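Q: Predicted model follows, preceded by the sequence.
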Amino acid sequence: MNGSSNFQWMRAYTRWSDNERNFGPFTYARDTHYRPYEIALVTGNDERPSGNTLRLRGFGHTFLVRLPTIVQPYREKVIAESWDAATIARLGRNWYWDIDQREYGVSLNDGFLNVHYGRQSGDSSTEQRWSCFLPWQNWRHIRTSLYGLKGEHFWTDWSRPRGFKFRDDWLTRERMVEAVPKARFEIADSDGKRITATTHVEEWEHRFGTKWCRWLSLFRRPRISRSLSMRFAQEVGPDKGSWKGGLVGTGIDIAPGESHESAFRRWCDQEHRAKNGRFRVTFIGPSEPSEGAAVHDAAQTQDQP
């Protein structure tokens with residue numbers, strides 16, 4: 001490798017983050033949200049075909065070391081069947097290189113293990129990667145429950161064994177979500193337009209350990225979370241009417257015994273993000289008397305876990 005090519009592979013690298021610091025071939029950055037543990041050797045790709053990078057991550061820190069080309073990217077010769085005769089004559093060939101990054105290493109994040117051992121194409125049929133959730137670090141879903149306006153139990157969807165009909169189960173859940181008693185509120189959007197929101201309460205239970213580590217739940221409390229689910233009659237926020245689309249539904253954590261109105265008011269008092277900027281909405285008040293529906297007899301006879 002001559003001096004010129006050596007300079008090129010040291011300078012040619014992809015920016016890692018907004019708060020990185022560079023020292024020659026070395027880069028350091030702090031991880032603020034995504035905090036995995038990782039060691040990996042990464043090649044270039046079609047945008048940066050030369051040079052390798054050694055990536056080390058852990059405890060909220062990332063270290064990158066730019067290296068010369070020890071391992072070449074994956075290259076596959078592809079016949080360009082869509083090229084016309086003029087293009088082929090101009091280039092002097094009827095093929096091109098399909099170049100993908102190669103990666104060799106292991107990463108672990110939030111109980112999910114990733115092993116990369118070659119081509120990273122973004123296509124599951126050709127990508128050389130193996131991954132799994134570690135059963136001693138993950139939580140399994142037990143139930144999803146719906147509650148009425150006064151906190152009374154309405155319906156529970158228990159986790160099913162393997163082989164159940166997912167479509168039928170999904171349709172049943174959608175019918176129950178439509179039937180659960182709801183509160184209705186009116187808000188003024190950031191542009192002053194009045195929009196109606198409907199709310200209902202959902203609760204999820206998870207227990208620690210999956211597969212052959214399910215017994216670990218004997219030593220840890222279940223993880224139970226409750227949310228006020230919101231649906232808006234029209235798009236909300238500055239993105240409405242654009243390709244991105246406005247907010248049509250969201251949720252907020254709700255404490256046991258907290259009313260729909262109290263939780264919804266908290267959401268209205270918060271500042272919300274959108275692609276075209278932050279926005280706020282104004283709580284006006286209940287739209288009309290709360291609505292509900294009778295419980296189907298079949299909803300009370302769901303399978304137990």
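A: That came in fine, so what should we check first?
Q: and the most centrally placed residue in the chain, what element?
A: With distances taken as CA atoms, centre = their mean, the residue of the chain nearest its centroid is residue 34 (11.8 Å). If you go by DSSP states H and E, residue 34 is not part of any helix or strand.
Q: which residues sit in contact with it?
A: The neighbours of residue 34, taking CB atoms under 8 Å, 6 or more residues apart in numbering as the test, are residue 109. From N, CA and C alone the C-beta is placed, and that goes for glycine too.
Q: residue ranges with poor pLDDT in this protein?
A: Along the chain, the parts satisfying pLDDT under 70 run over 1-15, 49, 161-168, 289-305.
Q: ok, which stretches of it are helices?
A: 3-11, 85-91, 166-179, 260-269 (DSSP state H).
Q: one step back: could you measure from the residue nearest to the centre of the chain over to residue 219?
A: Distance, residue 34 to residue 219, by CB to CB, to the nearest Å: 29 Å.
Q: quick one: the closest residue to residue 205 other than its chain neighbours from residue 264, how far?
A: Excluding the flanking residues, the one nearest residue 205 by CB to CB, 6 or more residues apart in numbering is residue 142, at 4.3 Å. Distance of residue 142 to residue 264, given as CB to CB: 27 Å.
Q: who has more neighbours, the two?
A: residue 264 (21 against 18; other CB atoms under 10 Å).
Q: you'd agree the more buried one is up against residue 200?
A: No: counting by CB atoms under 8 Å, residue 264 sits too far from residue 200 to count as a contact (11.2 Å).
Q: which neighbours do those two share?
A: Contact criterion CB under 8 Å, 6+ apart; residues shared by residue 264 and residue 200: 183, 228.
Q: can you count the residues close to the closest residue to residue 67 other than its chain neighbours?
A: Counting by CB to CB, 6+ apart, residue 67 lies nearest to residue 52, which is 4.4 Å off, once chain neighbours are set aside. Using other CB under 10 Å, residue 52 has 20 neighbouring residues.
Q: and residue 52, what is it in contact with?
A: 41-44, 66-71.
Q: Swap in 10 Å and give it another go.
A: With contact set as CB atoms under 10 Å, 6 or more residues apart in numbering, residue 52 has these partners: 9, 41-44, 65-73, 102, 104.
Q: Against residue 83, how distant is it?
A: Distance from residue 52 to residue 83, by CB to CB: 32 Å.
Q: List only buried entries from the contacts of residue 52.
A: Buried subset of the contacts of residue 52 (neighbour count, 16 or more other CB atoms under 10 Å): 9, 41-44, 66-67, 73, 102, 104.
Q: Just the closest of these to residue 24, please.
A: Residue 24 has its nearest neighbour among the buried ones among the contacts of residue 52 in residue 66, at 8.5 Å by CB to CB.
Q: you'd agree the closest one is up against residue 43?
A: No: at 11.8 Å, residue 66 does not count as touching residue 43 under the criterion of CB atoms under 10 Å.
Q: so what sits against both of the two?
A: What both residue 66 and residue 43 touch, as defined by CB under 10 Å, 6+ apart, is the set 51-53.
Q: List the buried residues of stretch 185-195.
A: So stretch 185-195, judged by 16+ other CB under 10 Å, has buried residues 185-187, 189-190, 195.
Q: Now the two most distant members of these.
A: 185 and 190 (16.4 Å).
Q: ok, now how distant is residue 220 from residue 156?
A: According to CB to CB, residue 220 stands 22 Å off from residue 156.
Q: Between these two, which is the more surrounded one?
A: Ranked by neighbour count (other CB under 10 Å), residue 220 and residue 156 place residue 156 first, with 19 against 11.
Q: Spatially nearest residue to that one (excluding sequence neighbours)?
A: residue 145 (4.5 Å).
Q: List the residues that contact that neighbour.
A: Contacts of residue 145 (CB under 10 Å, 6+ apart): 153-158, 201-205, 224, 226.
Q: now the strands for the stretch 51-200 of the chain?
A: Secondary structure of the stretch 51-200 of the chain (DSSP state E, counting those that start in this stretch): strands at 52-58, 61-67, 74-79, 95-109, 112-120, 129-133, 139-147, 153-158, 183-188, 194-208.
Q: How about the contacts made by residue 17?
A: Residue 17 neighbours (CB under 10 Å, 6+ apart): 27, 29-32, 62.
Q: Closest to residue 109 out of the residues you listed?
A: The nearest one, if we look at the contacts of residue 17 relative to residue 109 and count by CB to CB, is residue 31, at 10.3 Å.
Q: Tell me how far that closest one lies from residue 185.
A: When CB to CB is the yardstick, residue 31 and residue 185 sit 39 Å from each other.
Q: Brilliant, that's me finished.
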